[in-house]
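Asks: next comes the sequence, and after it the predicted model I'd like to discuss.
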Amino acid sequence: MLQSTSRGIQISGAFIIISMSSVMIYWNSYQTKSADITIVNLTRQTTEISIKTCLKNPPSLGHFVFHHFNGTLEDLNNKYQKYKPELGGKFKPLECQEREKLAIIIPYRDRQRHLMDFLSHMPPMLLRQRVEFTIFVIEQDPQEKFNRALMMNVGYLEALKQDNYSCFIFHDVDMYPINDNNIYKCSTSPRHLAVAVEKWKFRLPFRGYYGGVVAYPKAVIEKTNGFSNFYFGWGGEDDDLGARLAVVGLKFVRPAAVYGRYATPVHGKDKGNPVSKDRFRLLGNAKSRIWYDGLNSVVYNVSKIEKKKIYTHIHITVDRQKLEENVKLKNIELEMQHLKSSPINKQ
Ligand code: UDH
Ligand code: MN
């Protein structure tokens, strides 16, 4: 527990008396009650304070009201300056050192007002929770129908090019947590966080609902080959997540409903995201597609990466035909490998 780290701070001026049997420490002017700080390496002249590992459930969390934000990104840049985020919006808790690195992935297109609300609402809560995080907005260019799960795959791959994130939260831009106790950290199981959502009268719309906000540790995303690339248009992709987890023998866990509460603004349908007619057909064979339809077959083009002060905005173009061809090729490739390695062919 008593360990010095590279983020240690030297505090001089502590007055230390060392006797034969005991060590008594008197502080002239500095005393801390913070649970986040540890005193280490006592010497005659100085006392070093190192920053402790962050607690999994920090104290003083509770109800958290959502307010619509009317300002600009510049206002938020100024507001968050005191947290000293690194370029691209990497925030670290000031009081302690967090082991887990979280990437929040937002599938996005043309929701400027919702995004400003998100950027205004989230960082203060995450810092109260002592989370180290970066927000990645993955914007799909307008050419093709919106594909939320594909943007989630892209977000995962692109975030890992920036840093070694270990936890990923895939987050709708229009869902705002209203209880700080809904901790934005990963466990070994995947977690579905949007348990009590305003638009569903603060209930789950159905037991197997996995929409809105899910937290996956890196190992689980790799196990499920990410998400399906095939859901263009609205609907189906969130049910597909549940099918993938079932294939690899995992289940979502959820926070208690009093914690997993979300405010949701009312909004209409988006132009480029009509209800998917293919969704039931795709769900019908979701379990067999997991091995070839996902991270190992996704095709996309990054048109721009904007490292803003408080978040990273990545622009993506999708060529649907190329993508679908590549997924099919991956299927053929895996089938060939399977055939080659089957006992009959080895004889
Ligand atoms: N999204 C965008 N832009 C789009 C479409 C979707 O950014 O054009 C993202 C965004 O993060 C959003 C998420 O995808 O939060 C989910 O899409 P959604 O908000 O359309 O999904 P929701 O479950 O569907 O809210 C409600 C559909 C509205 C129909 C209203 C009439 N019943
Ligand atoms: Mn919505």
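Replies: Structure received. Ligands and ions are numbered 1, 2, ... in the order given.
Asks: for residue 65, helix, strand, or coil?
Replies: coil (DSSP: H, G, I helix; E, B strand; the rest coil).
Asks: whichever residue of the stretch 51-200 of the chain sits closest to ligand 1: how many residues sit nearby?
Replies: When scored by Cβ to the nearest ligand atom, the stretch 51-200 of the chain has residue 172 as its residue closest to ligand 1, at 3.2 Å. Glycine gets a C-beta too; all of them are placed from N, C-alpha and C. When counting by other Cβ atoms under 10 Å, one arrives at 21 neighbours for residue 172.
Asks: OK, contacts around it?
Replies: 106, 107, 194, 211, 212, 213 (Cβ atoms under 8 Å, 6 or more residues apart in numbering).
Asks: let's see it at 6 Å
Replies: Residue 172 makes contacts with residue 212, as judged by Cβ atoms under 6 Å, 6 or more residues apart in numbering.
Asks: and the one 4 residues further on, by the same measure?
Replies: Shown in contact with residue 176 (Cβ under 6 Å, 6+ apart): 66, 121, 263.
Asks: so residue 217 sits against residue 186, correct?
Replies: Yes - in this structure, residue 217 is within contact of residue 186 by Cβ atoms under 6 Å, at 4.2 Å.
Asks: give me the distance between the two termini of stretch 104-119.
Replies: One end of stretch 104-119 to the other measures 11 Å (Cα to Cα, to the nearest Å).
Asks: run through who's touching that stretch.
Replies: 69, 76, 133, 135-140, 146, 148, 151-152, 155, 169-171, 173-174.
Asks: likewise stretch 183-195?
Replies: 100, 126, 129, 131, 167, 169, 175, 182, 210, 212-217, 220, 252-254, 257, 260, 262.
Asks: keeping just the C-alphas, turn that stretch into CSV.
Replies: Extracted C-alpha coordinates of stretch 183-195, given in CSV (Å, rounded to 0.1, in the frame of the first residue of the first chain):
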residue,chain,number,x,y,z
ILE,A,183,-20.3,3.9,-11.8
TYR,A,184,-18.7,4.2,-15.2
LYS,A,185,-16.1,1.4,-14.7
CYS,A,186,-15.9,-2.1,-16.1
SER,A,187,-16.2,-5.4,-14.3
THR,A,188,-15.2,-8.7,-15.9
SER,A,189,-18.8,-9.2,-17.1
PRO,A,190,-20.3,-6.8,-19.6
ARG,A,191,-22.7,-4.4,-18.0
HIS,A,192,-25.9,-2.8,-19.3
LEU,A,193,-26.2,0.5,-17.5
ALA,A,194,-29.4,2.1,-18.9
VAL,A,195,-31.8,0.2,-16.6
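Asks: pull out the buried residues from it.
Replies: 183, 184, 185, 186, 189, 190, 191, 192, 193, 194, 195 (16 or more other Cβ atoms under 10 Å).
Asks: cool, and stretch 94-110?
Replies: Buried residues in stretch 94-110 (16+ other Cβ under 10 Å): 95-98, 100-109.
Asks: this protein - how does it break down into domains?
Replies: 4-48, 73-336 (automatic domain parsing).
Asks: and residue 252, how far from ligand 1?
Replies: Per Cβ to the nearest ligand atom, to the nearest Å, residue 252 is found 17 Å from ligand 1.
Asks: ranges for the helices of the chain?
Replies: 73-79, 112-128, 148-162, 218-223, 237-247, 279-284, 286-289, 320-340, 343-346 (DSSP state H).
Asks: what's the spacing between the third one and its chain's center?
Replies: When you say that, I think you mean helix 148-162. 11 Å (Cα atoms, centre = their mean, to the nearest Å).
Asks: which regions of the stretch 201-347 of the chain sit below the pLDDT cut-off?
Replies: 344-347 (pLDDT under 70).
Asks: please name the residues that touch the closest residue to ligand 1 within it.
Replies: Closest contact between the stretch 201-347 of the chain and ligand 1, by Cβ to the nearest ligand atom, is at residue 270 (3.1 Å). By Cβ under 6 Å, 6+ apart, no residues touch residue 270.
Asks: phi, psi for it please.
Replies: phi -90, psi 150 (degrees, to the nearest 10).
Asks: among the contacts of stretch 104-119, which ones are buried?
Replies: Buried among these by 16+ other Cβ under 10 Å: 76, 133, 135-140, 146, 148, 151-152, 155, 169-171, 173-174.
Asks: so what's the residue count around residue 326?
Replies: 18.
Asks: sorry, wrong one. I was asking about residue 275.
Replies: With other Cβ under 10 Å as criterion, residue 275 counts 10.
Asks: all further residue positions should be reported with the first residue as 812.
Replies: Sure thing, new numbering starts at 812, so read that last one as residue 1086.
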